[in-house]
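K.L.:
please find the sequence and the predicted model below.
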Amino acid sequence: MATENQHIKELVKRRYEPGFFTDIESDTIAPGLSEDVVRFISEKKNEPGWMTEWRLKAFALWQNMPTPKWAHVHYPEIDFQAISYYSAPKSGAKYESWDEVDPKLIETYDKLGVPLHERARLAGVAVDAVFDSVSVGTTFRKELAEAGVIFCSMSEAIQDHPELVRKYLGSVVPQGDNFYAALNSAVFSDGSFVLIPKGVRCPMELSTYFRINELNTGQFERTLIIAEEDSHVSYLEGCTAPMRDENQLHAAVVELVALDRAQIKYSTVQNWYPGDEHGKGGIYNFVTKRGDCRGERSKISWTQVETGSAVTWKYPSCILRGDHSSGEFYSVALTHNFQQADTGTKMVHLGKNTRSHIISKGISAGRGQNAYRGLVQVNKKADNARNFTQCDSLLIGDRCGAHTFPYIEAKNATAQIEHEASTSKISDDQLFYCLQRGISEEDAVSMIVDGFCKEVFKELPMEFAVEAKKLLEVSLEGAVG
Amino acid sequence: MSLIEALLSTAPDATAGWWQPSREAHRVIVERHGLPDRRQENWKYTALRPIEGHRYQAPEQGVLQPEDLAELLDANGVPQLTGSRITFVNGHYAPALSHVDDVAGLKVRALSQLGDAEAASASAELATEFSRPDEGFAALNTLLASDGVLLEFSGTTHADGQDMATAPVVELLFVDVPGATPAATAVRNIIKIGPGASLSLLERYVSAGEGVALINSLSQVELEAKSRLSHVRLPLLGEERSLISRLDVRLGEGSDYRCFGLDLSGTLVRHDLNVAMVGRDAQASLNGVYAPRGKTHIDNHVAVDHRVPDAVSSQAFKGVLSERSRGVFNGKVVVQEGADGTDASQSNANLLLSPDAEIDTKPELEIYADDVKCAHGTTVGALSGDQLFYLTARGIPEVEARRMLTTGFCREVLEGIPVESVRDHAISLLTDHLQDIQA
């Protein structure tokens, strides 16, 4: 009982470290969504006419779509008219040099441990930081430009590379793809744009850091990564938000295009504010992520560590169009307190000899609900397609839930598909073994969880793996007892 | 005429008074929800198109003579089984084709022949409300069922460790003899196994003659404490016959339920097998083989609901899909809050033998308790080249080798059938069926 009390105390104590709010003057439009708001955003960003039309088409589609209800998550209906669709730090979104950036912003990112300034050089990661609706700065531009890599915010890309944006935007996730993708297409504010030219191996890891700051805002960013023939890129994404009692909406769209023999590795550590221990507040994270292996022998790999958000609803997917292309999905999703996650992947095999590999690890603690939902689809012409799926769930506590909904559709006799799943709790034997060797219960649990997730962590770039491990420890604090 | 209109037109004119209130209640439900469609998650992979477009009518009664039946069973390779047999022809009880052995505690009656007083033991089941939008066929069954069996068995307590093979055998035989017009029938069965009793049940569907027919079958099975039931289901359907069946089973404390299904033919076959664990230490073993060919569509939806601690369930389903056929498997395990000590396993393996065949499978787990052991595995593939090579290298012709591998792949599922004659019958049906599949 004594230890239980201790744990309860810790649970109450548990802090969401990135949960501070930066008091910075910002430009936020009044809540509400209409055609005028879409036009306003487009105008504010000084976009060309075709872009405005593109957004309006998405808005028109969105208006006729019903809110999707099929996911295994429960939350009060969202009032889309109560959200402000644009917010930007007032001091202007464009900076000529780092000295012009509001020191408060840099401080924010420093607190979050995101290397934006000199530290970036040491860390050797190029970062695009998105604060509420706009990109506040991209590092390492010169070095990247020398390699021919374009890495900039989406707004800049629309101005500077309209032909590329027009060609690829919406080519993987069209405007009318789903409810939240349509919403995003209409009101997206910013995001990252990456183009790796033919034959280039991106000289450093690229990274975007998303931060929601203002109250009552939604964040709708759009990321587009194009890897041309024989190129290679590794891209990291991180996210945080202040602690608030209200739920905030984050509906992003990420599109990846891999041409012949190109490889894209996309890693996410998602740590949006999960809400407090009573389930109050937190981010609704409704994201559409899809990669298109358009070229032969191309490869797209998704790795995600999902520890934040009140409700997560996302399925990073691969369309395996090119012959011999391959898709990978590695995921750790943790839900604690009242968090809910419905996440997984879709592997759509269209080309011949395509391969996909799915490893999903779900951890549920407290009253968390964690669902894996996946689709493996082998189409008629996808001869010799191969899939292996493993999804394991770990339950910590008797009020949480772990669910698995794998859809397997095979229309080709040469397909080889394997799916296996297991659900278990941390066994008393394992715990006993550790405790007997003088390891505290908390450390033992953390070790076992770490071992459970190892297959996924080893796919993460080094600095992210360390962060992910720490994040998991913090998120699980107080879960045992 | 829509499918629902056609089916509603087959409603029986006069039915027993005790059945009337629940029929009326379900008429309201059916009018509200209609039939399920592919927008409903449970019908995502099964469209009703193959059974639409017919002007279904309730078929005539009593069109089969005993010698016709003997001939029909003979033609279908059904061996003479010892035990009781209850026969229904076109959804109506056929006393001349039925006999019930004198087994202590065995009480078998046709629902249509129950008096008001006897109906009490079936009233709870018949009043069960099927009000979810995706259970339109169950609601229709309550509204349309012409007959069915009420089977109660309170036989002697079996000795521990006694072989299930020695339990009394009861066969439920459903024969359909469509006339000139497409026939729609609905049957409703209620089966209750008393405390400690053991029974073997064989549920069989046999088609006579040619023609379009749709059978809607719903059975409610209750196993009381420590009782055991082995349940073998063999729908030997003609090419143009379709079967929509639902089986709801409740397992009491320490009871043991074993179900084996073999589906080989028909136009559209859909099984909903819902098993609820309501007593501790209950065991359910759910097994099935489906080997459709031609354009046959076979859909198995299995749902096991663990509501209490320490129950064990297993699902083993295997499919061999050839020609233009399509298979659907949806296995679901729900472990409710508090159902600790649950051990649930699921496996579904599929062989795709033709470029035009398709399988859609979804093994789901929904778990709300932490001290559980749940696992599932699913595979889809073609015959293994290594295995083929092994056999052909030993001089076995390739056609023969394929047959051996295909049969071996799925017959093991049926090997657990406790009654030898039934087991042999099921296995020989499967083997014969796979004989002429172009692997």
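P.N.:
Okay, I see it. Numbering: from 1, shown residues only, chains lettered A, B, ... in the order given.

K.L.:
make it CA atoms for all contacts and neighbour counts henceforth
P.N.:
Will do.

K.L.:
now stretch B:206-223: buried residues?
P.N.:
Neighbour-count burial for stretch B:206-223, counted by 16 or more other Cα atoms under 10 Å in any protein chain shown, picks out B:206-208, B:211-223.

K.L.:
same question for stretch A:367-377.
P.N.:
For stretch A:367-377, a neighbour-count test (16+ other Cα under 10 Å) marks A:367-377 as buried.

K.L.:
contact partners of that stretch?
P.N.:
A:72-73, A:315, A:333-349, A:360, A:362-364, A:387, A:391, A:399-411 (Cα atoms under 8 Å, 6 or more residues apart in numbering or on different chains).

K.L.:
where does chain B have low pLDDT?
P.N.:
For chain B, the stretches with pLDDT under 70 are B:14, B:62, B:157-162, B:438-439.

K.L.:
list, one by one, the residues from it near chain A.
P.N.:
B:337-338, B:351-382 (Cα under 8 Å from any Cα of the partner chain).

K.L.:
among the residues you listed, which are in strands?
P.N.:
Using DSSP state E, B:351-352, B:358-367, B:373-381 are the members of the residues of chain B next to chain A that sit in strands.

K.L.:
pLDDT and secondary structure added to the buried residues of stretch A:367-377, as CSV?
P.N.:
Formatted as CSV, these follow (pLDDT from 0 to 100; DSSP: H, G, I helix; E, B strand; the rest coil):
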residue, pLDDT, secondary structure
A:Arg367, 89, coil
A:Gly368, 90, coil
A:Gln369, 92, strand
A:Asn370, 92, strand
A:Ala371, 93, strand
A:Tyr372, 94, strand
A:Arg373, 94, strand
A:Gly374, 94, strand
A:Leu375, 96, strand
A:Val376, 96, strand
A:Gln377, 96, strand
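
K.L.:
now do the strands in the stretch 1-150 of chain B.
P.N.:
B:84-89, B:92-93, B:106-110, B:149-153 (DSSP state E, counting those that start in this stretch).

K.L.:
meant to ask about the stretch 301-450 of chain A, not that
P.N.:
Under DSSP E, counting those that start in this stretch, the stretch 301-450 of chain A gives strands at A:311-314, A:317-320, A:326-335, A:340-343, A:346-349, A:355-365, A:369-378, A:386-396, A:401-410, A:416-425.

K.L.:
the stretch 301-439 of chain B too?
P.N.:
Under DSSP E, counting those that start in this stretch, the stretch 301-439 of chain B gives strands at B:312-321, B:326-335, B:343-352, B:358-367, B:373-381.

K.L.:
between these, which gets nearest to B:Pro36?
P.N.:
Between B:Pro36 and the strands of the stretch 301-439 of chain B, the shortest gap by Cα to Cα is with strand B:326-335, which sits at 16.2 Å.

K.L.:
give me the most central residue, chain A.
P.N.:
A:Thr268 (5.1 Å; Cα atoms, centre = their mean).

K.L.:
just checking: what are the partner strands of the helix or strand harbouring that residue?
P.N.:
Following DSSP states H and E, one finds A:Thr268 within strand A:263-270. Sheet pairing of strand A:263-270 (DSSP bridges) gives strand A:232-240 (parallel), strand A:299-306 (parallel).

K.L.:
what comes up buried for stretch B:388-403?
P.N.:
B:388, B:391-392, B:401-403.

K.L.:
rewinding a little: JSON lines please, covering the strands of the stretch 301-439 of chain B and showing mean neighbour count.
P.N.:
Formatted as JSON lines, those follow (neighbours: other Cα atoms under 10 Å in any protein chain shown):
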{"stretch": "strand B:312-321", "mean neighbour count": "24"}
{"stretch": "strand B:326-335", "mean neighbour count": "25"}
{"stretch": "strand B:343-352", "mean neighbour count": "24"}
{"stretch": "strand B:358-367", "mean neighbour count": "25"}
{"stretch": "strand B:373-381", "mean neighbour count": "22"}
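
K.L.:
where is the longest helix in chain A?
P.N.:
Assignment by DSSP state H gives helix A:441-457 as the longest helix of chain A.

K.L.:
quick check: next helix or strand after that one?
P.N.:
helix A:462-476.

K.L.:
same for that following helix, what does it pack against?
P.N.:
helix A:441-457 (3 or more Cα pairs under 8 Å, 6 or more residues apart in numbering or on different chains; DSSP states H and E).

K.L.:
and for the helix it packs on, what are the contacting residues?
P.N.:
A:303, A:330-332, A:359-361, A:426, A:431, A:434-435, A:465, A:468-469, A:473, A:476-477, A:480.

K.L.:
go again with 6 Å.
P.N.:
The contact list for helix A:441-457 (Cα atoms under 6 Å, 6 or more residues apart in numbering or on different chains) reads A:330, A:434, A:465.

K.L.:
find the nearest non-adjacent residue to residue 411, please.
P.N.:
Looking at chain A here, since you left the chain open. B:Glu358 (4.6 Å; Cα to Cα, 6 or more residues apart in numbering or on different chains).

K.L.:
can you look at chain B instead?
P.N.:
B:Ile427 (6.5 Å).

K.L.:
parallel or antiparallel, list what pairs with the one helix or strand B:Cys259 maps to.
P.N.:
Following DSSP H and E, the helix or strand that holds B:Cys259 is strand B:256-263. Paired with strand B:256-263 in the same sheet, following DSSP bridges, are strand B:228-236 (parallel), strand B:283-290 (parallel).

K.L.:
for the shortest one, output the C-alpha coordinates as CSV.
P.N.:
Pointing back at strand B:283-290 there. C-alpha atoms of strand B:283-290 as CSV (Å, rounded to 0.1, in the frame of the first residue of the first chain):
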residue,chain,number,x,y,z
GLN,B,283,-13.7,-23.7,-23.0
ALA,B,284,-14.6,-23.1,-26.6
SER,B,285,-12.8,-24.6,-29.5
LEU,B,286,-14.1,-23.1,-32.8
ASN,B,287,-12.8,-24.7,-36.0
GLY,B,288,-13.6,-24.3,-39.7
VAL,B,289,-12.5,-25.2,-43.1
TYR,B,290,-13.7,-23.4,-46.2
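
K.L.:
in that strand, what's buried?
P.N.:
Of the residues in strand B:283-290, B:283-290 count as buried by neighbour count, 16+ other Cα under 10 Å.

K.L.:
now do it against strand B:326-335, angle only.
P.N.:
170 degrees (axes from the mean of the first three to the mean of the last three Cα atoms, to 10 degrees).

K.L.:
so what touches stretch B:255-267?
P.N.:
Stretch B:255-267 has contacts (Cα under 6 Å, 6+ apart) with B:225-234, B:237-242, B:282-292, B:296.
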